[in-house]
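S.K.: predicted model, plus sequence, below.
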Amino acid sequence: MTTRTKTARALKPKSVRQSVTIPAPLAAAVRRVAKQRHLTMSRALVSLAERGARAELDAKENLKAAYKRFMDEQEPARKNEAGKDLVRAVFGKDAIAENTVF
């Protein structure tokens, strides 16, 4: 009895057709991206969604690394800096105001 091997086509992940409604300003921004990159609207949406998903994963990994660094640090000065990095990872890079008054 012979066994069949899967072809490259069979191994390729399947696409899912999805219909979404997006706000007009966002549609205009996607249309602008599509035009700049010479893509269809659908392909531009996919590209932007992939970038967004990657950015979410990167932010999550950055948060985990900042938390681990904060928890592992023993020296007070470096722990303080690691704490600031953790706050920036949670609330954004402008979360900590620099004290310019004193």
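M.R.: Noted; the coordinates are in hand.
S.K.: could you tell me which helix of this protein is the longest one?
M.R.: Assignment by DSSP state H gives helix 41-72 as the longest helix of the chain.
S.K.: go through the next helix-or-strand element following it and flag the buried ones.
M.R.: The helix or strand immediately downstream of helix 41-72 is helix 76-91, counting by DSSP states H and E. Using 16 or more other C-beta atoms under 10 Å as the test for burial, helix 76-91 gives 82, 85-86, 88-89. To be clear about C-beta, it is placed using only N, CA and C from the backbone, and glycine gets the same treatment.
S.K.: likewise stretch 17-26?
M.R.: So stretch 17-26, judged by 16+ other C-beta under 10 Å, has zero buried residues.
S.K.: just stretch 32-45 next, same as before
M.R.: Buried residues in stretch 32-45, counted by 16+ other C-beta under 10 Å: 33-34, 39, 44-45.
S.K.: for Ala59, what are its contacts?
M.R.: Ala89 (C-beta atoms under 8 Å, 6 or more residues apart in numbering).
S.K.: relative to Gly52, how far out is it?
M.R.: As judged by C-beta to C-beta, to the nearest Å, Ala59 and Gly52 stand 11 Å apart.
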